[in-house]
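Asks: A predicted structure for the sequence below; I have some questions about it.
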Amino acid sequence: MTSSTVTSPRPDRPPRPNLAFRRLRGKRSPAEFAAAVRRAAREIGERVSCDARYIGRVEAGEIRCPNYAYERVFLHMFPGRTLTDLGFAPRSSVRGRRARADEEATGAHADRAPGTASETRRAREPYDTPDTQYPHHPYDPHHPHHPYDPHDDNEESDVLRRAFMMSGATVAAASLGPLALAHDAVAAGRPPRRAGAGHAGALEEAVRRIRLLDDRHGADGLYRRAAAPLRTAYALLDAGATRQATADRLYAGAGELAISVGWLAHDSGRFDDARSHYAEALATSRMTGDPALEAHAFCNMAFLARDAGRPREAVRAAQAAQRAARSLGSARLLSLLALREAGGWAGLADRVGCEQALTRAQALFGQGPSDADPEWMTFYGEAELEGLEAQCWSTLGDWPRAARHARRAAALQDPHFTRNLALYSAELADDLARGGRPDEAAGAGMRVLDLLGEVQSSRIHTMLAGTARVLLPHRRASGVSAFLDRHASLPRTA
């Protein structure tokens, strides 16, 4: 049976640039404007993962209408304006076009012999909110309230497209989005022959999703679920890619995903697993000559070595990360790496080395953000700077100084990042307890307990258990007994 050529009833049209939106950006760079969008989202309780790439797609006209989360943020940023004023198409004018194109493409595929390459490129509209005839889970990237734009691509395989549309809301899919759905296709024996740009986009999206969920809830509930997308990522690498640019994205995405999964293992106390994942990412960076991925891998290896009681290795890994990062042009990245080095020096009880690294970290941080800052560093702000410095002083046994920095970290932390707020508060409680201020320590510990319903992190549970042991002799101090009783009632973690 021969395949018939089916032409699209609506040939692809070049997108029309959104000049109105570009004018609103003004003299700010795309990265600076994306940061302003994220700040505006926090002001109204929304969560969007806006970056320079998203702004570029909007300005190029690739996104004709934003999803509902972005719509609320943009209208908050520019009060009195409508979507049309911002250069977008009315929602009613684009709703449903992608669904009709899907139906037409499905009909074309039904006439094609199995295994025959498609000669039809689907017509589709660059619309960020798809047709609502398909049921969506709230964590589905195509859900109208989801903050991410799911970077669709025509090269994506038919198997993956159908999985996006038709898969049920399994735990993995709900948590980790399109790459988990791609894993379902691979596990069923239907892997794509060659990976396309759609797979690379799904891989990048999975990394973002893991980071977001970790920021909100901690690592313990995510680690095992994240292993499936990682296996799928390496299956995609093994399948090869249609273009070199896609292959580069796949390797970088797989490396970043390995680091993210490694961090989930690290934060949940599985140090051997974390070391293996970080080593995999480092090997990927070396194979592809990717200094940004290499710096990130060494950064996390330094952090792990510090936590595992290998401070000299932490120093050497942090220094290796700084060598890899020098050509990247990001002062903020070098600042974080200097803090990783400071943590190693503190573990070696080298106060001079620690102070020198801390001074360097603060000076680099003071240079401000730049377009060269890696996307994964969105967590690194003034709160994280204070929190990491607190950990250094705590390791050196300077409890009052550690408590001052931990208190600043907790005060500066965006409350949406629940996991970090709990972490800094736990650090503060421990520093206060060891510094001889049991009543204040109990109060800080209570605030951590209030957050544990939303956060699952073995690191935080371990810190809180240590604080409770220090406070046991002070049970009669104000608030300590209530804290100890409430802590003792916590369910035991596995």
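Replies: Now that the structure is in, tell me what you want to look at. Here the structure is a predicted model, which is why all the values come from computation and not from measurement.

Asks: for this structure, name the helix or strand with the lowest mean pLDDT.
Replies: The helix or strand of the chain with the lowest confidence, counting by mean pLDDT, DSSP states H and E, is helix 158-166 at a mean of 31.

Asks: by contact count, what packs against the host helix or strand of Gly466?
Replies: Assigned by DSSP states H and E, Gly466 belongs to helix 458-471. Applying 3 or more CB pairs under 8 Å, 6 or more residues apart in numbering; DSSP states H and E, one finds that helix 458-471 contacts helix 418-434, helix 438-451, helix 480-488. Just so you know, the C-beta spots here come from the backbone N, C-alpha and C atoms, and that holds for glycine as well.

Asks: keeping just the C-alphas, turn it into PDB.
Replies: C-alpha atoms of helix 458-471 as PDB (Å, rounded to 0.1, in the frame of the first residue of the first chain):
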ATOM      1  CA  SER A 458      15.100  14.600  55.100                       C
ATOM      2  CA  ARG A 459      17.700  17.400  55.400                       C
ATOM      3  CA  ILE A 460      15.200  19.600  57.300                       C
ATOM      4  CA  HIS A 461      14.000  16.700  59.500                       C
ATOM      5  CA  THR A 462      17.500  15.800  60.400                       C
ATOM      6  CA  MET A 463      18.400  19.400  61.400                       C
ATOM      7  CA  LEU A 464      15.200  19.700  63.500                       C
ATOM      8  CA  ALA A 465      16.000  16.400  65.200                       C
ATOM      9  CA  GLY A 466      19.400  17.700  66.100                       C
ATOM     10  CA  THR A 467      17.900  20.900  67.500                       C
ATOM     11  CA  ALA A 468      15.500  18.800  69.600                       C
ATOM     12  CA  ARG A 469      18.300  16.900  71.200                       C
ATOM     13  CA  VAL A 470      20.200  20.100  72.100                       C
ATOM     14  CA  LEU A 471      17.000  21.500  73.700                       C
END
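
Asks: quick one: mean pLDDT over it.
Replies: Averaging pLDDT along helix 458-471 gives 91.

Asks: name the residues of that helix that are buried.
Replies: Along helix 458-471, these residues count as buried under the neighbour rule (16 or more other CB atoms under 10 Å): 458-461, 463-464, 467-468, 470-471.

Asks: hang on, the earlier thing: now the helices and strands packed on helix 458-471 as JSON lines including mean pLDDT?
Replies: JSON lines is the format used below for the helices and strands packed on helix 458-471 (pLDDT from 0 to 100):
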{"stretch": "helix 418-434", "mean pLDDT": "93"}
{"stretch": "helix 438-451", "mean pLDDT": "94"}
{"stretch": "helix 480-488", "mean pLDDT": "93"}
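
Asks: could you identify which of those is most buried?
Replies: Highest mean neighbour count among the helices and strands packed on helix 458-471 (mean count of other CB atoms under 10 Å): helix 418-434, with a mean of 26.

Asks: quick one: that one to helix 458-471, angle?
Replies: 20 degrees (axes from the mean of the first three to the mean of the last three CA atoms, to 10 degrees).

Asks: show me what contacts the closest residue to Ala433 other than its chain neighbours?
Replies: Sequence neighbours aside, Ala441 is the residue nearest to Ala433 in space, at 3.8 Å (criterion: CB to CB, 6 or more residues apart in numbering). Shown in contact with Ala441 (CB atoms under 8 Å, 6 or more residues apart in numbering): 429-430, 432-433, 467, 470-471, 480.

Asks: and the helices in the stretch 151-300 of the chain?
Replies: 158-166, 171-176, 178-187, 197-217, 223-239, 244-267, 271-288, 291-307 (DSSP state H, counting those that start in this stretch).

Asks: the last one: what's the following helix or strand?
Replies: Yep, that's helix 291-307 we're talking about. For helix 291-307, the succeeding helix or strand toward the C-terminus, using DSSP H and E, is helix 311-325.

Asks: what is the mean pLDDT for that next one?
Replies: Rounded mean pLDDT across helix 311-325 is 97.

Asks: contacts for it?
Replies: Here helix 311-325 has contacts from 291-292, 294-299, 301-303, 305-306, 333-334, 337-338, 340-341, 343-348, 353, using CB under 8 Å, 6+ apart.

Asks: chain center to that helix, what's the gap?
Replies: Distance of helix 311-325 from the chain centroid (CA atoms, centre = their mean, to the nearest Å) equals 23 Å.

Asks: angle of that helix against helix 291-307?
Replies: Counting by the same axes, to 10 degrees, helix 311-325 lies at 170 degrees to helix 291-307.

Asks: after helix 311-325, next one along is what?
Replies: Downstream of helix 311-325, the first helix or strand assigned by DSSP H and E is helix 331-347.

Asks: which elements pack onto the next helix-or-strand element following that following helix?
Replies: Next in sequence after helix 331-347, counting helices and strands by DSSP H and E, comes helix 351-365. Secondary-structure packing of helix 351-365 (3+ CB pairs under 8 Å, 6+ apart): helix 331-347, helix 382-395.

Asks: could you list the buried residues of helix 351-365?
Replies: For helix 351-365, a neighbour-count test (16+ other CB under 10 Å) marks 353-354, 357-358, 360-361, 364-365 as buried.

Asks: quick one: average pLDDT of that helix?
Replies: Per-residue scores along helix 351-365 average to 97.

Asks: how about residues contacting it?
Replies: 315, 331-332, 334-336, 338-339, 341-342, 345-346, 382, 385, 389, 392, 396.

Asks: kindly recompute the last result at 10 Å.
Replies: Helix 351-365 is contacted from outside by 315, 318-319, 322, 330-348, 350, 380-382, 384-385, 388-389, 392-393, 395-398, using CB atoms under 10 Å, 6 or more residues apart in numbering.

Asks: could you do stretch 75-93 as well?
Replies: 16-24, 33, 36-37, 39-41, 43-44, 46, 58-59, 61, 63-68, 70-71, 74, 94, 125-129, 144.

Asks: need the CA coordinates for it. CSV is fine.
Replies: What follows is stretch 75-93, C-alpha atoms only, in CSV (Å, rounded to 0.1, in the frame of the first residue of the first chain):
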residue,chain,number,x,y,z
LEU,A,75,-2.6,42.6,33.0
HIS,A,76,-1.2,43.2,36.5
MET,A,77,2.0,44.7,35.1
PHE,A,78,0.1,47.0,32.6
PRO,A,79,-3.1,48.0,34.3
GLY,A,80,-5.8,49.4,32.1
ARG,A,81,-4.6,47.5,29.1
THR,A,82,-6.2,44.5,27.4
LEU,A,83,-4.5,41.5,25.7
THR,A,84,-5.1,43.2,22.4
ASP,A,85,-3.3,46.4,23.7
LEU,A,86,-0.3,44.1,24.5
GLY,A,87,-0.2,42.9,21.0
PHE,A,88,-1.9,39.5,21.5
ALA,A,89,-4.7,38.0,19.5
PRO,A,90,-8.1,37.8,21.2
ARG,A,91,-8.5,34.4,22.9
SER,A,92,-11.7,33.7,21.1
SER,A,93,-10.0,34.1,17.7
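
Asks: burial measure for Gly309, as a count.
Replies: For Gly309, the neighbour count with other CB atoms under 10 Å is 10.

Asks: likewise the one 4 residues further on?
Replies: By other CB under 10 Å, 17 other residues sit near Glu313.

Asks: okay, now the unreliable bits of this structure?
Replies: Residue ranges of the chain with pLDDT under 70: 1-14, 92-197, 211-228, 239, 492-494.

Asks: may I have the phi/psi pair for Asp85?
Replies: When read as degrees, to the nearest 10, the backbone of Asp85 gives phi -60, psi -30.

Asks: how close does it get to Tyr68?
Replies: Asp85 sits 17 Å away from Tyr68, going by CB to CB, to the nearest Å.

Asks: fine by me, thanks again.
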